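In: Sequence first, then the predicted structure:
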Amino acid sequence: MAFLSGLSAFPITPADRDGRVDTVALRRLIARLGAAQVDSIGLLGSTGTYMYLSREERRRTLAETLDEIAGRTPVVVGVGALRTDEAVRFAQDAKALGVAAGLLAAASYTPLTEDEVFEHFSTVACESGLPIVVYDNPGTTHFHFTPALVSRLAKVGGIVAIKNPTDKGDAIKSHLADQRRTVPEGFSIGYSGDWNAAEAIIAGADTWYSVLAGILPEVCVKIVTAAQQGDAAEARRIDATLAPLWSLFKEFSSLRVVYALAELLDICRADPPRPILPLPSAAKRQIAAALERLPSDVSRSTANPAASEGTCHVCTRAFR
């Protein structure tokens, strides 16, 4: 599927303490992604805290996003749940509202076997009719998709892509080549893990599933464009300028950092869902300082287009 290529940007889902989504802030985030011309929007992913939201709030988030983007950008939405029947209903909701594909992780309280995961994914794909992207996210789910399981799932009708983790940048090329040999032609192979994703795109991966692109899409678009045009040196140059942010992602988690970035850039003010706590002021100051150190051709991409002209929003102002 053509839309499962290039840059897929994953925004946060701003919500109050009771889990009710702030649709005004959400639309502001989505408008930025549309303006940056990302290739797809990854709504309600891990960064979008889908597992913390009710079915009603997921539906409202999706409806507001689809209305805001008005068909200009494909939307891939998280449909994961602990129970298979619930995941089917989430996927059916998404299909009814008109999304392009669903993103499904092997989330469970009890550790799952490969056969259980296969049945879970096959059932969601078949009963919902929604194209499904396999979400291999072992850092969260503690389940890793083996090559054999990926090969089995890729042959199921309706399972069309995979979102792989990236542990080591120098291993991506061989991993990609091995995986391509085990899946049907046209099956989309993508990677998350922002600090290694530039190497994945340079190696020929179809998609970068990006956390940073959900808040700073323009600079991520530049990396993907350079890589797709065969300019690996330029893609690596831009990626290297983001090293301070990648370090903060690793230290504090990308989720917590992007919530702080949303506040710092005056896009929206929201806390992650409890029990996750917002970062303390000292950490937020580190993030602000990292933005200040970005070179001019990158930092220009961090401005909030909705803000008043001439106002600088990349600053080391005090956080209370």
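Out: Yep, that arrived.

In: Looks like residue 178 contacts residue 148 (just checking).
Out: No - with contact defined as Cβ atoms under 8 Å, residue 178 and residue 148 do not form a contacting pair (11.8 Å). Every residue, glycine included, has its C-beta placed from N, CA and C.

In: End to end on stretch 167-178, go ahead and measure it.
Out: The first residue of stretch 167-178 is 16 Å away from its last residue (Cα to Cα, to the nearest Å).

In: Give me the buried positions along it.
Out: By neighbour count with 16 or more other Cβ atoms under 10 Å, stretch 167-178 contains the buried residues 169, 172, 175, 176.

In: give me the number of residues near the residue nearest to residue 47 when sequence neighbours are not counted?
Out: Among residues not flanking residue 47 along the chain, residue 10 sits closest, at 4.5 Å (Cβ to Cβ, 6 or more residues apart in numbering). The number of residues packed near residue 10 is 30, by other Cβ atoms under 10 Å.

In: Pull the contacting residues for residue 10.
Out: Counting by Cβ atoms under 8 Å, 6 or more residues apart in numbering, residue 10 touches 41, 42, 43, 45, 46, 47, 48, 209, 210, 211, 213, 214.

In: Kindly recompute the last result at 6 Å.
Out: Shown in contact with residue 10 (Cβ atoms under 6 Å, 6 or more residues apart in numbering): 42, 45, 47, 211, 214.

In: Serialize those residues to CSV and add fields for pLDDT.
Out: Formatted as CSV, the contacts of residue 10 follow (pLDDT from 0 to 100):
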residue, pLDDT
42, 98
45, 97
47, 98
211, 98
214, 98
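
In: Among those residues, which one lies nearest to residue 276?
Out: Checking the contacts of residue 10 against residue 276 by Cβ to Cβ gives residue 47 as the nearest, at 11.8 Å.

In: is it true that that closest one touches residue 210?
Out: No - using Cβ atoms under 6 Å, residue 47 makes no contact with residue 210, being 9.3 Å away.

In: what is the rounded mean pLDDT of the helix or strand hosting residue 34?
Out: Taking DSSP states H and E as the definition, one finds residue 34 inside helix 23-36. For helix 23-36, mean pLDDT rounds to 98.

In: In terms of secondary structure, what does that helix contact?
Out: helix 55-69, helix 217-228 (3 or more Cβ pairs under 6 Å, 6 or more residues apart in numbering; DSSP states H and E).

In: Go through it and flag the buried ones.
Out: 23, 25, 26, 27, 28, 29, 30, 32, 33, 34, 36.

In: If you count neighbours, what's buried in the next helix or strand after it?
Out: Once the chain leaves helix 23-36, the next helix or strand it forms, by DSSP H and E, is strand 40-43. Residues of strand 40-43 classed as buried: 40, 41, 42, 43 (neighbour count, 16+ other Cβ under 10 Å).

In: could you dump those to JSON lines with distance to residue 245?
Out: Converted to JSON lines, those look like this (distance: Cβ to Cβ, whole Å):
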{"residue": "40", "distance to residue 245": "22"}
{"residue": "41", "distance to residue 245": "21"}
{"residue": "42", "distance to residue 245": "18"}
{"residue": "43", "distance to residue 245": "22"}
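
In: Just the closest of those residues to residue 188, please.
Out: Residue 188 lies nearest to residue 40 out of these, by Cβ to Cβ, at 10.6 Å.

In: my guess is that closest one contacts residue 7, does it?
Out: No - Residue 40 is not in contact with residue 7 according to Cβ under 6 Å; the separation is 7.6 Å.

In: Give the buried residues for stretch 260-270.
Out: For stretch 260-270, the neighbour count (16+ other Cβ under 10 Å) marks 260, 261, 262, 263, 264, 265, 266, 267, 268, 270 as buried.

In: and if you look at stretch 186-205?
Out: Neighbour counts over stretch 186-205 (16+ other Cβ under 10 Å) mark 187-203, 205 as buried.

In: part of a helix, is residue 126?
Out: Yes - counting by DSSP: H, G, I helix; E, B strand; the rest coil, one finds residue 126 located in a helix.

In: Spatially, what comes nearest to it if we skip its sequence neighbours?
Out: residue 158 is the one closest to residue 126 (Cβ to Cβ, 6+ apart), at 6.4 Å.

In: Let me know whether that neighbour touches residue 125 as I believe.
Out: Yes - between residue 158 and residue 125 there is a contact under Cβ under 6 Å: 3.6 Å.

In: Could you tell me which residues touch both of these two?
Out: residue 132.

In: Looking only at neighbour counts, state which of these two leads.
Out: residue 125 (23 against 18).

In: on that earlier part again, right, so of the helices and strands packed on helix 23-36, which gets closest to residue 281?
Out: Of the helices and strands packed on helix 23-36, nearest to residue 281 by Cβ to Cβ is helix 217-228, at 25.5 Å.

In: so the closest one versus helix 23-36, what angle?
Out: Relative orientation of helix 217-228 versus helix 23-36 (axes from the mean of the first three to the mean of the last three Cα atoms, to 10 degrees): 30 degrees.

In: And helix 217-228, what's buried?
Out: Judged by neighbour count (16+ other Cβ under 10 Å), helix 217-228 contains these buried residues: 217, 218, 219, 220, 221, 222, 223, 224, 225, 226, 227.
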